[in-house]
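**Student:** Task: produce atomic coordinates for the following.
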Amino acid sequence: MADETGAPREVRKAAIASLFGSALEWYDFFLYGTAAALVFNTLFFPTFDPLVGTIAAFGTNAVGFLARPLGGIIFGHFGDRLGRKSMLVITLVIMGVATFLIGLLPTYAAIGVWAPVLLVVLRVVQGIAVGGEWGGGVLIVSEHAPSHRRGFYSAWSQTGVGLGFVLSASVFALAQGVTTKESFLAWGWRVPFMVGILLTAVGLLIRLRIMETPAFRKAAAKPEKSAPPILDVLRTHPRSVLIAFGARVAETGASYLFLTFSLSYAAKIGVGNGVVLAAVVVGMLAESFAMPMFGALSDRLGRRPVYIGGAVAVIVWAYPFFAMFDSRNPVLIFVAIFVAVVIGHGAMIGTQPAFFTELFASRVAYSGLALGHELASMIVGGFSPIVATALLAWAGASWPIALFLIGMGAVTVIAVAAAPETNPNVLKGREAPARERQAEAETEAV
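**Tutor:** Numbering: from 1, shown residues only. A predicted model of the protein is given here:
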């Protein structure tokens, strides 16, 4: 099949737009996770025991993950029917408004039980928006990029995810640093949420300037009656959906243990949040630039070996990660987070956009990516901090959490090992990826 991609200038514009847009959208989403770990238990669940309040706060965080598949289905459907670009604009606006409103919410002390109720509602809205964001952000780059460099270019969409986390953690840490503890709990925590509306405006200006992808324009030029994309992808690509789900188990589950649960674990063992936040920011910043390197490596070696390498790194690092935290040594904590995030998580998430894109035909790619990606986010990502907190409460030690990490890594290794290699550079005449096979079938039918 001919390589249906955009001009080099459009590829670069798409990569930049995806990077900045996803960074701003994920800034909003990650900001909530940080606040759930540090302040929401006190402000919105003050009547609970501190550990139970933390679990309740993580529970509201998980609600956003429960809503993500719904967002994936909704925006996947319209993204496959109406286009990638328009859905990315809509999701960014929804996310920005919801985040701004969280910053305005009265606390439990002001309006009682309505405070956590409204918090949950806005978290659901955030989840719907980000559930529709990821697939579109990936496709706007991968469908512009030449197939022989798809890994490198599409990884920049994930770099935006990493930078979004760095931005959210940095702004939150800055708000903590310039206020007293009392002032931060009274109003300082609101500032990072309210600043998000300004960042949304910047993201909109960038996203409105990109073109629709060549693959979608070609498909739109030949309209035909078909089942809704979500039903179509379940009928034609069920194995790909399961592979995408399994591949994400270690990636999403481990990331929220490394980046969110680690904050509450540090507080439990008497380590200052400032140390962990700084380590997380440095680790995620380094990972943001490592992602395109892993994507480029997958262009040369194949998607499977690079992805499996990251999952194996998570397995190997599970016990050392918590042992270094238990040492309470800031240097060892930095090393623990750096290795876990940059090498383990980075290899998986940097390879993921190209790998997942190549598992699905372009006519159902948005729905397929969104479904596999967001189901894993809902079931594994949203609940992994809750499971880890419960394991900590049960055992009073970190060893069962390390076993939990190892189990998630094993699931991902098995899933990716069962997948076909999809990289066109590596296949060299062997069975073509799903999107190439589908395009050839459609051409023959015409």
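
**Student:** do you know how far Asn30 is from Phe289?
**Tutor:** Slight slip there: residue 30 is Phe, not Asn. If you measure Phe30 against Phe289 using CB to CB, to the nearest Å, the figure is 18 Å. To be clear about C-beta, it is placed using only N, CA and C from the backbone, and glycine gets the same treatment.

**Student:** The two: which is more packed in?
**Tutor:** When neighbours are counted by other CB atoms under 10 Å, Phe30 comes out ahead of the other of Phe30 and Phe289, with 24 against 13.

**Student:** my read: the more buried one touches Val166, true?
**Tutor:** No: with contact defined as CB atoms under 8 Å, Phe30 does not count as touching Val166 (9.1 Å).

**Student:** Give me the common contacts of these two.
**Tutor:** Applying CB atoms under 8 Å, 6 or more residues apart in numbering, one finds that no residue jointly contacts Phe30 and Val166.

**Student:** Give me the below-cutoff pLDDT ranges for this protein.
**Tutor:** Along the chain, segments meeting pLDDT under 70 span 1-7, 46-58, 60-62, 219-226, 427-446.

**Student:** who's in contact with the residue most central in space within the chain?
**Tutor:** For the chain, the residue nearest the mean C-alpha position is Val161 (6.3 Å; CA atoms, centre = their mean). Residues touching Val161, when contacts are defined by CB under 8 Å, 6+ apart, comprise Ser22, Ala23, Trp26, Ile349.

**Student:** what's the distance between it and Lys218?
**Tutor:** Val161 is 28 Å from Lys218, where distance means CB to CB.

**Student:** just checking, Ala340 touches Met324?
**Tutor:** No: look at Ala340 against Met324 with CB under 8 Å: they stay out of range, at 9.6 Å.

**Student:** more crowded one of those two?
**Tutor:** It is Ala340, of Ala340 and Met324, that has more neighbours when counted by other CB under 10 Å, with 27 against 20.

**Student:** Report the secondary structure state of that one.
**Tutor:** What DSSP: H, G, I helix; E, B strand; the rest coil gives for Ala340 is helix.

**Student:** hmm, back to that, can you tell me which two in the contacts of Val161 are farthest apart?
**Tutor:** Ala23 and Ile349 (14.0 Å; CB to CB).

**Student:** Which stretches in the stretch 51-200 of the chain count as helices?
**Tutor:** For the stretch 51-200 of the chain, the helices defined by DSSP state H, counting those that start in this stretch cover 84-104, 108-111, 114-142, 150-177, 181-183, 190-207.

**Student:** Sorry, slip of the keys, the one I care about is the stretch 201-350 of the chain.
**Tutor:** Chain-ordered helices for the stretch 201-350 of the chain, with DSSP H, counting those that start in this stretch as the definition, fall at 214-220, 229-236, 238-256, 262-268, 273-301, 303-326, 330-338, 346-359.

**Student:** of those helices, which approaches Ile16 most closely?
**Tutor:** Distances from Ile16 to each of these were compared using CB to CB; the minimum, 12.6 Å, belongs to helix 273-301.

**Student:** Tabulate the helices of the stretch 51-200 of the chain (a markdown table), appending distance to Asn273.
**Tutor:** Output for the helices of the stretch 51-200 of the chain, formatted as a markdown table (distance: least, CB to CB, whole Å):
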| stretch | distance to Asn273 |
| --- | --- |
| helix 84-104 | 20 |
| helix 108-111 | 22 |
| helix 114-142 | 21 |
| helix 150-177 | 8 |
| helix 181-183 | 11 |
| helix 190-207 | 15 |
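
**Student:** residues contacting the nearest residue to Val202 once chain neighbours are set aside?
**Tutor:** Distance criterion CB to CB, 6 or more residues apart in numbering; nearest residue to Val202, sequence neighbours excluded, is Leu24 at 6.8 Å. Neighbouring residues of Leu24 by CB under 8 Å, 6+ apart: Leu92, Gly96, Gly164, Gly196, Leu199, Thr200, Val202, Gly203.

**Student:** roughly how far apart are the third one and Ala23?
**Tutor:** Meaning Gly164. Gly164 sits 4 Å away from Ala23, taking CB to CB as the criterion.

**Student:** Then the first one?
**Tutor:** Leu92 sits 11 Å away from Ala23, taking CB to CB as the criterion.
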